[in-house]
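A.B. asks: A predicted structure for the sequence below; I have some questions about it.
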Amino acid sequence: MHSFFVFLLHKLLLEGSFCLCILWHSYYYHVHLVVSFQCSIFSCVVSRIFRDVPSDVTIEVNRGTFSLHKFPLVSRSGRIRRLVAEHRDSDISRVELLNLPGGAECFELAAKFCYGINFEIRSTNVAQLCCVSDYLEMTEDFSKDNLGSRAEEYLDSIVCKNLEMCVEVLQQCESLLPLADELKVVSRCIDAIASKACAEQIASSFSRLEYSSSGRLHMSRQAKCDGDWWIEDLSVLRIDMYQRIITAMKCRGVRPESIGASLVNYAQKELTKKSSLWNPSSQTKVDSNSTLHEKLVVETVVSLLPVEKLAVPINFLFGLLRSAVMLDCTIASRLDLERRIGSQLDVATLDDILIPSFRHAGDTLFDVETVHRILVNFCQQDDSEEEPEDTSVFESDSPPSPSQTALIKVSKLVDNYLAEIAPDANLKLSKFMVIAETLPAHARTVHDGLYRAIDIYLKAHQGSTDLDKKKLCKLIDFQKLSQEAGAHAAQNERLPLQSIVQVLYFEQLRLRNSLSCSYAEDDTKPIHQSWRISSGALSAAMSPRDNYASLRRENCELKLELARLRMRLNDLEREHVCMKRDMTKSGSRKFMSSFSKKIGKLSLFGHSSSRGSSSPSRNSQRTDSKVIERTCASTE
């Protein structure tokens with residue numbers, strides 16, 4: 001009897017809205033039930049009916065027990081229908097659902113839907129409903145407007161049009177993987193977030209357009225774009241979800257500056273949860289699981305960094321590098337960070353490159369090897385930029401090249417770094433010298449900073465041998481010391497005697513040159529300065545680029561002079577041909593008179609005493625200038 005009653009109720013569930021009168025007589029009791037309803041009151045009636053009917057099946061879900069009725073579940077769920085059909089003869093009364101996504105709480109929502117009890121689909125439960133409907137096979141094949149289609153419709157029409165809701169759904173999907181990924185719930189939310197962020201960024205870019213005083217349309221400069229408000233929202237996601245979103249944003253064309261700002265915000269939130277990472281003096285103990293998570297965050301953030309320079313601050317790159325060293329991240333991640341830092345080392349500060357050493361206590365206080373690799377990357381990047389495609393950039397009056405300016409800045413930074421690590425008693429001479437020798441010779445215009453660092457090293461390492469002192473002093477060009485530094489070095493007892501003699505010699509030359517410049521004529525130059533220029537050696541402040549520009553200018557002048565000589569030779573050849581022609585046509589008298597006239601026109605320096613041949617004609621001037629231009633163009 002109960003089965004027949006529930007069958008009628010099942011027909012009621014499928015029909016939707018109708019009037020039904022049932023008169024049912026049972027062997028045990030009579031029930032006179034008249035039900036007249038619409039869909040809005042359907043849930044109240046069903047719940048009242050099933051309170052009066054005893055349950056005939058028990059569902060176990062993750063240690064949770066539900067006493068339910070078969071036919072409401074069978075009418076909506078294909079999985080439960082199949083289980084009941086398989087045990088039709090044994091009259092199954094207990095069903096265990098293993099590994100149901102979302103657990104007992106999610107199954108309760110599915111059961112309510114089967115019973116017709118209303119509940120609200122939200123961004124906090126739509127992912128669970130999509131997964132549990134797939135698990136229970138609550139599709140359109142078994143019932144119209146089933147739970148699966150309802151959840152899919154809400155996901156596409158409501159969630160994917162709102163970025164905050166997409167983030168909430170992705171948070172729920174973290175515990176539903178890999179099923180949520182197979183159902184493409186994750187991919188749809190990620191694509192929606194990337195599209196929404198890109199569209200809003202484009203809209204904000206148009207809002208920043210304004211006209212300048214000249215009437216041209218340009219972009220106003222702001223510290224932070226209004227379309228980057230999503231940066232804070234994405235920081236709550238797990239690292240794997242966050243990585244997929246940033247990758248999708250790169251493919252959609254989101255600005256590198258916005259991606260860099262998001263990476264900075266996410267890394268700072270994840271890595272500063274444990275103070276021992278960014279504060280080495282902290283004594284907080286970090287468990288292994290937390291360390292593995294932070295290691296994964298660092299490696300993932302490094303892989304997501306934009307390729308453009310200055311997309312992220314350099315102090316953030318150094319912070320990542322410190323974390324990578326401390327967490328023992330992969331070599332590829334550390335080398336990538338060192339390469340990025342080396343490409344923009346000229347904007348770094350002393351605090352940035354002071355990377356602590358996280359090795360055993362007997363080693364140096366600072367990680368010198370890492371700084372050396374960064375300097376090598378900087379020098380290699382600088383050398384590659386010194387080979388321009390067009391040689392026309394080397395002009396005589398051109399300002400100093402950016403690479404030379406960067407070299408000067410980095411040389412000062414390196415000298416300050418050497419002075420900072422010099423007092424370390426465990427710092428070996430080889431490590432100190434390899435840092436000092438990394439930069440090229442023309443990078444330091446003044447050697448005061450290098451002399452100061454070497455003096456601090458000798459003061460802290462008083463047991464250094466004379467050979468070590470000579471090696472250190474070979475790094476110093478005493479000719480590039482200022483007057484104050486030279487006076488200090490002349491009285492420095494820590495320097496070898498040979499170095500002190502060199503300092504005194506150059507100080508004497510400097511004094512003699514200053515006296516000669518004050519009394520001598522303007523064309524007299526100091527001996528050592530004139531030797532530097534005439535010998536072709538590089539001056540103290542001249543880089544290879546400037547030296548190449550000077551040589552190229554001199555080469556062009558020589559080419560011009562050669563073109564003029566060629567023109568003179570062509571004139572002589574033409575005159576010689578004319579003389580031979582005149583000699584065959586006329587006698588010796590005509591030839592002699594003609595020869596004297598021709599000789600009068602020619603002169604070694606291009607001048608003549610006669611008025612007619614004092615200067616070339618206008619046509620010849622134009623021809624000469626054109627020939628010179630063509631000759632220079634061909635030679636270049």
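C.D. replies: The structure has been received and is ready for your questions.
A.B. asks: and residue 141, which of the three is it?
C.D. replies: Per DSSP: H, G, I helix; E, B strand; the rest coil, the secondary structure class of residue 141 is coil.
A.B. asks: give the contact list for it.
C.D. replies: residue 78 (C-beta atoms under 8 Å, 6 or more residues apart in numbering). (C-beta placed from N, C-alpha, C; glycine too.)
A.B. asks: what do you get for residue 305?
C.D. replies: 260, 263, 311, 312, 336, 340.
A.B. asks: Shouldn't the fourth one be within a helix?
C.D. replies: No. When the secondary structure is assigned by three-state DSSP, residue 312 falls in coil instead of a helix.
A.B. asks: From residue 403, how far off is it?
C.D. replies: 22 Å (C-beta to C-beta, to the nearest Å).
A.B. asks: Please identify which of those two sits among more neighbours.
C.D. replies: residue 312 (23 against 18; other C-beta atoms under 10 Å).
A.B. asks: gap between residue 179 and residue 427?
C.D. replies: Distance from residue 179 to residue 427, by C-beta to C-beta: 57 Å.
A.B. asks: So, low pLDDT: which residues of this structure?
C.D. replies: Applying pLDDT under 70 to the chain flags residues 1-55, 88-91, 203-227, 273-287, 359-362, 382-402, 518-550, 582-636.
A.B. asks: Quick one: the strands in it, in order.
C.D. replies: Assigned by DSSP state E, the chain shows strands spanning 18-25, 30-37, 57-61, 64-68, 94-97, 209-211, 217-219.
A.B. asks: Tell me who's in contact with the residue nearest to residue 101 when sequence neighbours are not counted.
C.D. replies: Closest residue to residue 101 apart from its sequence neighbours, by C-beta to C-beta, 6 or more residues apart in numbering: residue 131 at 3.8 Å. Residues near residue 131 by C-beta under 8 Å, 6+ apart: 101, 102, 106, 176, 179, 180, 183, 185.
A.B. asks: before we move on, what about residue 62?
C.D. replies: Applying C-beta under 8 Å, 6+ apart, the residues near residue 62 are 100, 103, 104.
A.B. asks: top of the residues you listed by neighbour count?
C.D. replies: residue 100 (21 neighbours).
A.B. asks: separation between the nearest residue to residue 304 once chain neighbours are set aside and residue 373?
C.D. replies: Nearest residue to residue 304, sequence neighbours excluded (C-beta to C-beta, 6+ apart): residue 246, at 5.0 Å. Counting by C-beta to C-beta, the gap from residue 246 to residue 373 is 27 Å.
A.B. asks: Counting neighbours, go ahead and name the busier of the two.
C.D. replies: A count of neighbours by other C-beta under 10 Å puts residue 246 above the other of residue 246 and residue 373, at 24 against 18.
A.B. asks: Let me know whether the more buried one touches residue 262 as I believe.
C.D. replies: Yes. The pair residue 246 / residue 262 is scored as a contact, 6.9 Å apart, by C-beta atoms under 8 Å.
A.B. asks: Tell me how far the residue nearest to residue 304 lies from residue 234.
C.D. replies: 8 Å.
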